[in-house]
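Enquirer: starting from these lines, generate the structure:
(2 chains)
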Amino acid sequence: MKKKNNILKKLANKAYEFGFVSKIKTEIIESGLNEDIIRLISKKKNEPEWLLEFRLTAYRHWLTLQMPTWAHLNIPPIDYQAISYYADPLKKNKENSNKEIDPELMKTFEKLGIPLEERLALSGTAVDAVMDSVSVKTTFKEELKEKGIIFCSMSEAVQEYPDLVRKYLGSVVNYRDNFFAALNTAVFSDGSFVYIPKGVRCPMELSTYFRINAANTGQFERTLIVADDNSYVSYLEGCTAPMRDENQLHAAIVEIIVNDNAEVKYSTVQNWYPGDAEGKGGVYNFVTKRGDCRGRNSKLSWTQVETGSAITWKYPSCVLRGDNSQGEFYSVALTNNYQQADTGTKMIHLGKNTRSTIISKGISAGKSQNSYRGLVRVSKNADGARNYSQCDSLLLGNECGAHTFPYMDIHNNSAVIEHEATTSKISEEQLFYCNQRGIGTEEAIGLIVNGYAKEVLNKLPMEFAIEAQKLLSVSLEGAVG
Amino acid sequence: MNCGEEYIELFEKNRELIDKPCTRKLNDEREKAFISFKAQGFPGIKDENWLHTNVAKKFATDYGMDLARKANTNEVRNSFTCDVPNLKTFKGYIVNDSFVAADNGGKQLPQGVFIGSINSFAESHAELIDRYYNTLAQKGDSVVQFNTSFTQECIVLYIPKNTVIEETIQIVAFLQTNVDILTNRRMLVIMEENSSASLLLCDHSSTDKKSLSTEVTEIFMGGGASLDLYELEETTDSNTRLGNLFVKQEHDSRFNHCNITLTNGFTRNYVEVVLDGEGAETNINGLAIGDKHQHIDNRTLVDHRKGHCTSNELYKYILDEDSTGVFAGKMLIRTDAQQTVSQQTNRNLCLTSCAHMYAQPQLEIYADDVKCSHGSTVGQLDESALFYMQQRGIPADEARHLLMYAFAGEVTDNIKLEALRERLHILVEKRFRGELNHCKRCNLCK
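Expert: Below is the predicted model of the structure:
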């Protein structure tokens, strides 16, 4: 047992790989939040008047809101006036030349495994790299454009495709939706914009890499994906942040619109800095992600591997509005040390014959708390709705917690809804079996946990699946007491 | 703002009248509870625990309250024979919220067992009242605090150690009123070590007047004690029942609970079981059958505090017409509760497109060496089973009844008292056939 605990400790203490800080000259505006700050952000981004109004309305609404407290989380008070809402690492370059990116920046992303030079990049993946409040570079833009696909930063989209942005921005996640949605709408800085035209199957994976670098800032990006009729896109999202003793806030919005017969796959490998072993520092990840399956036979699939963040609080959701639309949610959420997670999904069945699947695997270790919270709502007219939910929790250690809070609101008698959940620890028998066959305890645990998460990891695109598998091993192997 | 102020004013104006018939402990606890109620008011629908049950609205009716204890309860003695055939019971009545002893034909409970009003119990066992009364309920929500503030009577069942009561104790609660009425029922069950009993609580209401009853029951079970508790609600559309059951179990005790809502208006049952000793076992079963605009909300919390305990929970709902079902069951496994085995199942049938079901089965687990699972489903009757039966000449309606009856049977089959089980099978079947307005054997209901 002692040996096992030592292995545990060793692994739990494995350093956060991406915790370095890049020395990049960054322009950071003064901290604080008021209408002038919002006007300043809008001006810096050279935004049209309607967008400024959009932000201000959201801000005024945000002022009337209180931070919600219902989650199974212990969140220390956040001083919203102490955060700087805009940090621009590109500033230096803009002064010199418009085209060249600071080599330091390039190096940073290379170090993170995201080369921004197309010749070095993995073929088949186009990347939009976002650092702090701005998009650094988007690769393969031209190749994609040939097919009519728009993949660019949100700021660029506002300038170049204002009509499209105006039509869809806020149409899935309204600023009135929740506290953090209002905050994000008021101060969002950058993010990615994707438009897949009718009948186009996106030839490569699109990916956005988010990096927080500057201190005392928050990241408030906004992603908007529109998949028009009969189109397909697979989109990946990754994120890291430096190790700091202070907590940093990340409050993003992701909106996805899926039209007739279109399909969107959205995968996230979330690896924000989780704080140290004592629970000091780390990113607060409060994100609103929602997809609107507007079209008939549309399909949206969320896959997430959550290993980072001091606190994760998010529910990627599907509004199944179109008849025969499908929603899927596959999640592995891993918490260690003092991490907390309250995550899950919402499946809102509105159209006829809609289907949803929820597979959630929670793994808690150390002193962490890991909650699944999910809603399945079947509205009155959603005839023939079908849902299957499965939430499993694995407890590694006797000081952590694993919780399941599913909600089912059923207003239609033709719905078939199933939910099941189990909680257990790694079985001694399985470990013993592996040990007997010469597999060390550490490796055996990795094996068992990876097997446990396989159902979800299988849904990730290959490169991401490998990364996710590695991440799981780093954050968790040996975490059995 | 909810209507709490009116009740606060009523309480403050009539404090002396409320205190008058009560023992010291009731009044002491009343003081504390009132402060708590005053601070909170009635729960609103933004309160997570009352999300789908708008209780403040129910309190808004201008009810009468019998604070001067004027109701004549003597006449009901023996007029109400809501019995279960072949089940011998030791009876007692709760009329509105007062206890009325029944003529049990000279039958006696074992020596030392007490059933009756807290006022008489206080004369002989004041220390027990001090030790137990309101200790579990004091952490309850504002409806529980409301009950503690206004309650003027508490029915006590005390079973000394090593005492086994063979005969089922049946307490029949009903309302006798000419006006809309609000009652506050209260019960305290103290079971000492190795005692054993079964208790049947029937909740009836035969009046067309609007009624609201807040109910708080506290049950303390000593080591090795065993209790089977059956609660059966057969009330009317105009009735609101806000039940709260708090149970604390010590080592190796066993608690079986079966809560059946056959007919009702607006019901919310809260059940909280604390497993505070190793080897304790609890089984909670519930069945709710709703039609018209009935509202049935069952909320449970099983709190595993010590290791090696077992809990099983099964709740089933059958919802017809415009009825609403709410189920929220939480299993809380604390750090010390290693080796817990906990299982929760919730299955619901929605028969019409206007019926609403809200289900929230929840697990909150802080111990790692446990086996916990929950499952919840919402669906309809199996089409292929219906077809199979019709193929064999069973009419569609009959086939549907049979399937629903079998669905409900999983809960009623858990009833250990054979006579009661049989009776409930019949009542459930009648309920499905729409033949059940009131139980036919009640003199009052005829």
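Enquirer: what's the neighbour count on the closest residue to A:P68 other than its chain neighbours?
Expert: Distance criterion C-beta to C-beta, 6 or more residues apart in numbering or on different chains; nearest residue to A:P68, sequence neighbours excluded, is A:F179 at 5.8 Å. (C-beta placed from N, C-alpha, C; glycine too.) Using other C-beta atoms under 10 Å in any protein chain shown, the number of residues around A:F179 comes to 16.
Enquirer: ok, A:F179 touching A:M67?
Expert: Yes: counting by C-beta atoms under 8 Å, A:F179 sits close enough to A:M67 to count as a contact (5.4 Å).
Enquirer: separation between the residue nearest to A:P68 and B:G409?
Expert: Distance, A:F179 to B:G409, using C-beta to C-beta, to the nearest Å: 47 Å.
Enquirer: same deal with A:S309?
Expert: For A:S309, the distance to B:G409 equals 48 Å [C-beta to C-beta].
Enquirer: next one: A:N435
Expert: 47 Å.
Enquirer: between these two, who's got more neighbours?
Expert: When A:N435 and B:G409 are compared on other C-beta under 10 Å, the one with more neighbours turns out to be B:G409, at 17 against 13.
Enquirer: that one should be in a strand, yeah?
Expert: No: counting by DSSP: H, G, I helix; E, B strand; the rest coil, B:G409 is not found in a strand; it is helix.
Enquirer: got the CA coordinates for the strand or helix carrying A:V456 in PDB?
Expert: In the assignment (DSSP states H and E), A:V456 maps to helix A:441-457. Written as PDB, here are the backbone C-alpha positions of helix A:441-457 (Å, rounded to 0.1, in the frame of the first residue of the first chain):
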ATOM      1  CA  THR A 441       1.300  -1.100 -10.300                       C
ATOM      2  CA  GLU A 442       1.900   2.300 -11.900                       C
ATOM      3  CA  GLU A 443       1.500   1.000 -15.400                       C
ATOM      4  CA  ALA A 444      -1.400  -1.200 -14.500                       C
ATOM      5  CA  ILE A 445      -3.300   1.800 -13.200                       C
ATOM      6  CA  GLY A 446      -2.600   3.700 -16.300                       C
ATOM      7  CA  LEU A 447      -3.800   0.800 -18.300                       C
ATOM      8  CA  ILE A 448      -7.000   0.400 -16.300                       C
ATOM      9  CA  VAL A 449      -7.800   4.100 -16.400                       C
ATOM     10  CA  ASN A 450      -7.100   4.300 -20.100                       C
ATOM     11  CA  GLY A 451      -9.400   1.400 -20.700                       C
ATOM     12  CA  TYR A 452     -12.000   3.000 -18.600                       C
ATOM     13  CA  ALA A 453     -11.800   6.200 -20.600                       C
ATOM     14  CA  LYS A 454     -11.400   4.400 -23.900                       C
ATOM     15  CA  GLU A 455     -15.100   4.800 -24.900                       C
ATOM     16  CA  VAL A 456     -14.600   8.600 -24.900                       C
ATOM     17  CA  LEU A 457     -11.000   8.700 -26.200                       C
END
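Enquirer: mind checking how far the host helix or strand of B:E218 is from the chain centre?
Expert: If you go by DSSP H and E, B:E218 is part of strand B:211-221. Chain-centre distance of strand B:211-221: 7 Å, with C-alpha atoms, centre = their mean, to the nearest Å.
Enquirer: flag every buried residue along that strand.
Expert: For strand B:211-221, the neighbour count (16 or more other C-beta atoms under 10 Å in any protein chain shown) marks B:211-221 as buried.
Enquirer: okay, now residue 432: neighbour count?
Expert: As the question left the chain open, I've gone with chain A. Here the number of neighbours of A:F432 (other C-beta under 10 Å) works out to 12.
Enquirer: that's the other chain; I wanted chain B
Expert: Neighbour count for B:F432, taken as other C-beta under 10 Å: 20.
Enquirer: where do the strands sit along the stretch 201-350 of chain B?
Expert: B:211-221, B:226-234, B:239-249, B:254-263, B:266-275, B:281-290, B:295-304, B:310-319, B:324-333, B:341-350 (DSSP state E, counting those that start in this stretch).
Enquirer: how far does the last one sit from the chain's center?
Expert: What that stands for is strand B:341-350. Remark: strand B:341-350 is offset 18 Å from the chain centroid, using C-alpha atoms, centre = their mean.
Enquirer: elements contacting the helix or strand following it?
Expert: As assigned by DSSP H and E, the chain's next helix or strand after strand B:341-350 is strand B:356-365. Counting contacts by 3 or more C-beta pairs under 8 Å, 6 or more residues apart in numbering or on different chains; DSSP states H and E, strand B:356-365 is packed against strand A:386-396, strand A:401-410, strand A:416-425, strand B:310-319, strand B:324-333, strand B:341-350, strand B:371-379.
Enquirer: what does chain B have sitting close to chain A?
Expert: Within chain B, the positions adjacent to chain A are B:48, B:335, B:338, B:348, B:350-380 by C-beta under 8 Å from any C-beta of the partner chain.
Enquirer: and these, which are buried?
Expert: Counted by 16+ other C-beta under 10 Å, these give B:338, B:348, B:350-351, B:354-368, B:370, B:372-379 as buried.
Enquirer: ok, then the element right after the helix or strand where B:A173 lies?
Expert: In the assignment (DSSP H and E), B:A173 maps to strand B:168-174. For strand B:168-174, the following helix or strand on the C-terminal side (DSSP H and E) is strand B:181-191.
Enquirer: which residues does residue 291 contact?
Expert: Looking at chain A here, since you left the chain open. A:G291 is in contact with A:172, A:255-258, A:264, A:266, A:300, A:302, A:316-319, A:327, counting by C-beta atoms under 8 Å, 6 or more residues apart in numbering or on different chains.
Enquirer: right idea, wrong chain: chain B
Expert: Residues in contact with B:D291 (C-beta under 8 Å, 6+ apart) are B:319-323.
Enquirer: confidence score at it?
Expert: What the model reports as pLDDT for B:D291 is 86.
Enquirer: what's the answer for A:L447, then?
Expert: Per-residue confidence (pLDDT) for A:L447: 84.
Enquirer: where's it relative to A:Q369, distance?
Expert: Counting by C-beta to C-beta, the gap from A:L447 to A:Q369 is 26 Å.
Enquirer: same deal with B:I45?
Expert: Look at B:I45 and A:Q369: by C-beta to C-beta, they are 27 Å apart.
Enquirer: and B:A173, by the same measure?
Expert: To A:Q369, B:A173 is 42 Å away according to C-beta to C-beta.
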